[in-house]
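Engineer: Let's see this in three dimensions:
(one chain, ligands or ions: 1)
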Amino acid sequence: MAWLVSAADKSYTIAVIPKGTTHEFWQAIHAGAVKAQRELAEKGIKVEVIWKGPLREDDRDQQIQVVENFMTRRVDGIVLAPLDSQALVAPVVNAAKAKIPVVVFDSDLKSDKQISFVATDNYKGGVIAAEYLAKLLGEEGNAILLRLAVGSASTEAREAGFLDTLKSNYPGIKVISSDQHGGATRETAYQASQNLLNRYGREVNGIFCPNETTAIGMTKALRDIGKAGGKVKMIGFDSGTQSVLDLKNGDLQGLVVQNPMLMGYLGVMTLIKHLQGEPVEKRVDTGVVLATPANMAEPKIQELLHPPADKYLK
Ligand code: BDR
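Structural biologist: Sure, this is the predicted structure:
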């Protein structure tokens, strides 16, 4: 990173604002941000990273308040994962007007005022899930999609990738439900999953859930009715501890995983690069892969299933 050489003795205060703070996914993001902070310090750039977000991923008012508070504090920049692609547009536009640059990460925003978007190719994540589920089902059967939340651009893109792929490539697979949302917690996802299985448990053959909480909730509900263990093919998203265990014990047949540590790391690095007056990419893709029982022991997959967050957060 040649741009770092001429940067000694600089110091910045930046805010990193996740969608929520309870999921393991966000802890890995935080670890990536701290990793960037430590590397910058070694290069003589002192960065104070303030980590603050809503407790729940559906608390729009709180996330808006957090952004506005950091604007009032006049931080040098903001790295934000907007929990609603529309509701956070105004705060980001106001930050840009106040000359506080914003890097959006993880989940897209319906604005062009951010200086960069650092995230997974979420649509591709949904395509990967659909193709693997179709393979497991022999390209025929009944499928369910349990969505996460209205306004969550990241998971909406996964959901679209999944449905578009089944519709265009797998006519033998019938989507029997795709309009239910799991909501912000494992508990709400578990309840939504139970409701779905009460209605479709006898006819469903395969299910896709687009994040940690929906995957964990649905897999638990499948176990409750004795349909886990591959009886219903289950594809999840995100490498939470429970989902990794479910992949290992055969209750999940596939887990689409992101690289949250890289996302947090590049979110901070991209903002600092911009603050240093360097050009930055408008779109940074942090990668997405499918973990399965067959490949989960491979070192590269292990690293994504068990991101070394503790090394940076303890
Ligand atoms: C999930 O929300 C998405 O925005 C993240 O990518 C992650 O998959 C957190 O529950």
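
Engineer: For this structure, just list every one of the strands.
Structural biologist: 10-17, 45-51, 77-80, 102-105, 116-119, 141-147, 173-181, 206-208, 233-237, 254-257, 283-285, 289-291 (DSSP state E).

Engineer: residue contacts, the closest residue to the ligand within the stretch 201-314 of the chain?
Structural biologist: The minimum distance from the stretch 201-314 of the chain to the ligand, using Cβ to the nearest ligand atom, falls at Asn211 (3.9 Å). To be clear about C-beta, it is placed using only N, CA and C from the backbone, and glycine gets the same treatment. By Cβ atoms under 8 Å, 6 or more residues apart in numbering, Asn211 lies in contact with His23, Phe25, Leu148, Ser154, Thr155, Arg158, Gly182, Phe237, Asp238.

Engineer: residues in the stretch 201-314 of the chain within reach of the ligand, list them.
Structural biologist: Proximity of the stretch 201-314 of the chain to the ligand, by Cβ under 6 Å from any ligand atom, involves residues Asn211, Glu212, Thr213, Phe237, Asp238, Gln258.

Engineer: Tally up the residues packed near the second one, please.
Structural biologist: Read that as Glu212. 25 (other Cβ atoms under 10 Å).

Engineer: Likewise for the fifth one?
Structural biologist: Asp238 has 24 neighbouring residues, counting by other Cβ under 10 Å.

Engineer: Not counting its neighbours along the chain, what's nearest it?
Structural biologist: The spatially closest residue to Asp238, leaving aside those adjacent along the chain, is Glu212, at 4.0 Å (Cβ to Cβ, 6 or more residues apart in numbering).

Engineer: show me what contacts that neighbour?
Structural biologist: Glu212 makes contact with His23, Glu24, Phe25, Gly236, Phe237, Asp238, Gly240, Ser243 under the criterion Cβ under 8 Å, 6+ apart.

Engineer: Identify the residues contacting whichever residue of the stretch 101-250 of the chain sits closest to the ligand.
Structural biologist: With Cβ to the nearest ligand atom, the shortest gap between the stretch 101-250 of the chain and the ligand falls at Ser154, namely 3.5 Å. Ser154 makes contacts with Asp106, Ser107, Asp108, Ala119, Thr120, Asn122, Asn211, as judged by Cβ under 8 Å, 6+ apart.

Engineer: wait, what's in contact with the closest residue to the first one other than its chain neighbours?
Structural biologist: In space, not counting the residues next to it along the chain, Asp106 is nearest to Ala81; the distance is 4.0 Å by Cβ to Cβ, 6+ apart. Contacts for Ala81 (Cβ under 8 Å, 6+ apart) come out as Ile17, Pro18, Lys19, Ile29, Gly53, Val104, Phe105, Asp106, Ser107.

Engineer: now do 10 Å
Structural biologist: Counting by Cβ atoms under 10 Å, 6 or more residues apart in numbering, Ala81 makes contact with 16-20, 25-26, 29, 53, 57, 63, 88, 104-109, 118-119, 152-154, 263-264, 267.
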